[in-house]
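Colleague: requesting a structural model of the entry that follows:
(2 chains)
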Amino acid sequence: MSSFKGRNIISLRDMTIDDLWTIVTTAGEVKEGKHRGCLQGKTIASLFFEPSTRTRLSFDSAVIKSGGSVFGFADPGSSSQKKGESFSDSIRTITGYCDAMVIRHPVEGAARLASEVATVPVINAGDGANQHPTQTFLDLFTIHEEFGRLKNLKIGIMGDLKYGRTVHSLTHAMALFGAEMVFISPPSLKMPSAILSGLSEKGISFHTADTPEDAADMNLDILYVTRIQKERFGDPQEYKNVAHGYRIDKNTIIALGEQVRIMHPLPRVDEIAEEVDTTPNAIYFTQAHNGIPTRQALLGLVTGGIS
Amino acid sequence: MERAYKVYAITNGTVIDHIPTPLALRVVEILGLGNEGIFTIGVGFQSKRLPGGKDILKIENRILLESETDTIALIAPDATINIIKNGKVSEKRIISVPDHIYGVMQCPNPNCATNKLGAHRHFKLEDKQEMTYRCEYCERVTEIIPENLTAPE
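Modeller: I've put the predicted structure just below:
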């Protein structure tokens, strides 16, 4: 196992395939009941410079379940930056109060900067449109739990592929494992060409499709759905027309085949019909719940509670 | 007969030739020479290699570090560097684009920690052929834009 103790978790770009395996297998061990109390006596700072519900609660729950203590703030209004303190000074101060810190910040690169001034491990819980590595870790853990492997998978990634940090990170990670990928999006929200040419250079097989039905004959193992945001469209009617074509219901599952598993980073608005929730294909709530063992594993690894 | 120089010869220091016109002032800026020692600039000389003309920069009594001369490659990849000691060329230095750029390039992403939170600018070479760099903070890839190069932080 590669050493994680003291390590900052900032970006998928810093991670090797071995690192990802370590996190996925350790998360599996945590879920099986191993490493209980791995954060006993540890204090974790939870610094959310922008509001987030699921990620923050998931981290908080992970700390408490592993026997640690958590403190922090949930919105920037309650941080001392309101008083004019610099971000770096806030981090330099709080680093002395904790054994690791979890940071979400609207500015891209904030977590990297924090890791340079902190003396404890920093975990990036989202920095603007850039990275959200723990989302990708829990996605990988869920895929591994469902299929028993991370290699030789066919995954459709659907929605806002132009701006979505989740899909960019997932694409990066699945490319490391050599997955075959299909990118399904409206023409205005296609995967950036720089990412596609990066895949080509690595010899990763990928396709593009305009609708999920276009991928019907591909026998997809996974369809990873993300939200198409209204604010990306100037015309509300255009949004309505586009979004309608990217709604997953039971008929979509029939078209894609019974083998397909539907994932979503949540929150869902209306891109997956509620009728899908009760099908064996829907694994998005399990995926959200897997954020707990994944974050327990990660915090245990970086604080040395799991070695 | 001694050759007549339009930019006079120096005894010790660094001569940068074949800078495309009019980028010599930009080279002065990214080297941070503004308030430091004596330098002379010649702008708009005829050049076989550079149809648009070339500039020459002579910096007296200062031998530039390789990290500094490699920075010049960002805007003048064909520039030639001669290190002068005791009136003679002691080294002809070949420059290549640096693996890292510190300080002199502003990230074009307005929401980057270097522009919003005071992080020190740092880019890593992404693609040498394309001359693209990735910001160490926001991770966006950018081409070299001479206008985005500034005095060192």
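Colleague: C-alpha from now on. contacts and neighbour counts both.
Modeller: OK.
Colleague: OK, contacts around residue B:97?
Modeller: B:70-74, B:77, B:128, B:131 (Cα atoms under 8 Å, 6 or more residues apart in numbering or on different chains).
Colleague: ok, residue A:47 next?
Modeller: Here residue A:47 is in contact with A:72-74, A:101-104 (Cα under 8 Å, 6+ apart).
Colleague: can you check residue A:211 too?
Modeller: A:184-186, A:245-246.
Colleague: which single one of those residues is nearest to residue A:54?
Modeller: If you rank the contacts of residue A:211 by distance to residue A:54 using Cα to Cα, residue A:246 comes first, at 23.8 Å.
Colleague: burial count for the closest residue to the closest one other than its chain neighbours?
Modeller: Excluding the flanking residues, the one nearest residue A:246 by Cα to Cα, 6 or more residues apart in numbering or on different chains is residue A:271, at 6.4 Å. Applying other Cα atoms under 10 Å in any protein chain shown, we find 19 residues neighbouring residue A:271.
Colleague: now do residue A:75
Modeller: Residues near residue A:75, counting by other Cα under 10 Å: 15.
Colleague: where's it relative to residue A:107, distance?
Modeller: Using Cα to Cα, to the nearest Å, residue A:75 is found at 14 Å from residue A:107.
Colleague: which parts of chain B are strands?
Modeller: B:13-20, B:39-45, B:54-60, B:80-85, B:88-93, B:100-102, B:122-127, B:132-135, B:141-143 (DSSP state E).
Colleague: residues of chain B that sit close to chain A?
Modeller: B:111-114, B:116-117, B:119, B:136-139 (Cα under 8 Å from any Cα of the partner chain).
Colleague: buried only: go through those for me.
Modeller: B:111-114, B:117, B:119, B:136-139 (16 or more other Cα atoms under 10 Å in any protein chain shown).
Colleague: show me the helices in chain A, by range?
Modeller: Ranges of helices in chain A, per DSSP state H, are A:17-31, A:54-65, A:87-94, A:110-117, A:133-147, A:165-176, A:193-201, A:236-244, A:250-256, A:284-289, A:291-303.
Colleague: follow-up on the earlier one: just checking, the residue nearest to residue A:246 touches residue A:245?
Modeller: No - applying Cα atoms under 8 Å, one finds residue A:271 not in contact with residue A:245, separated by 9.2 Å.
Colleague: sorry, back to before: just name the most buried of the helices of chain A.
Modeller: helix A:291-303 (a mean of 27; mean count of other Cα atoms under 10 Å in any protein chain shown).
Colleague: hmm, who's touching it?
Modeller: Everything outside helix A:291-303 that qualifies as a contact, by Cα under 8 Å, 6+ apart, is A:4-8, A:23-24, A:26-28, A:30-31, A:38-39, A:42, A:58-59, A:61-63, A:65-66, A:99-100, A:121, A:134-135, A:137-138, A:141, A:305-307.
Colleague: the residue nearest to residue B:64 when sequence neighbours are not counted and residue B:66, how far apart?
Modeller: Sequence neighbours aside, residue B:14 is the residue nearest to residue B:64 in space, at 6.6 Å (criterion: Cα to Cα, 6+ apart). According to Cα to Cα, residue B:14 stands 11 Å off from residue B:66.
Colleague: more neighbours: which of the two?
Modeller: Shown here are residue B:14 and residue B:66; by other Cα under 10 Å, residue B:14 has more neighbours (25 against 14).
Colleague: and the residue nearest to residue A:246, its phi and psi?
Modeller: With angles defined as degrees, to the nearest 10, residue A:271 sits at phi -80, psi -10.
Colleague: with distance to residue A:87 and mean pLDDT added, can I get the strands of chain B in JSON lines?
Modeller: As requested, these are arranged in JSON lines below (distance: least, Cα to Cα, whole Å; pLDDT from 0 to 100):
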{"stretch": "strand B:13-20", "distance to residue A:87": "40", "mean pLDDT": "95"}
{"stretch": "strand B:39-45", "distance to residue A:87": "40", "mean pLDDT": "93"}
{"stretch": "strand B:54-60", "distance to residue A:87": "40", "mean pLDDT": "95"}
{"stretch": "strand B:80-85", "distance to residue A:87": "41", "mean pLDDT": "96"}
{"stretch": "strand B:88-93", "distance to residue A:87": "42", "mean pLDDT": "95"}
{"stretch": "strand B:100-102", "distance to residue A:87": "21", "mean pLDDT": "93"}
{"stretch": "strand B:122-127", "distance to residue A:87": "18", "mean pLDDT": "94"}
{"stretch": "strand B:132-135", "distance to residue A:87": "19", "mean pLDDT": "95"}
{"stretch": "strand B:141-143", "distance to residue A:87": "24", "mean pLDDT": "92"}
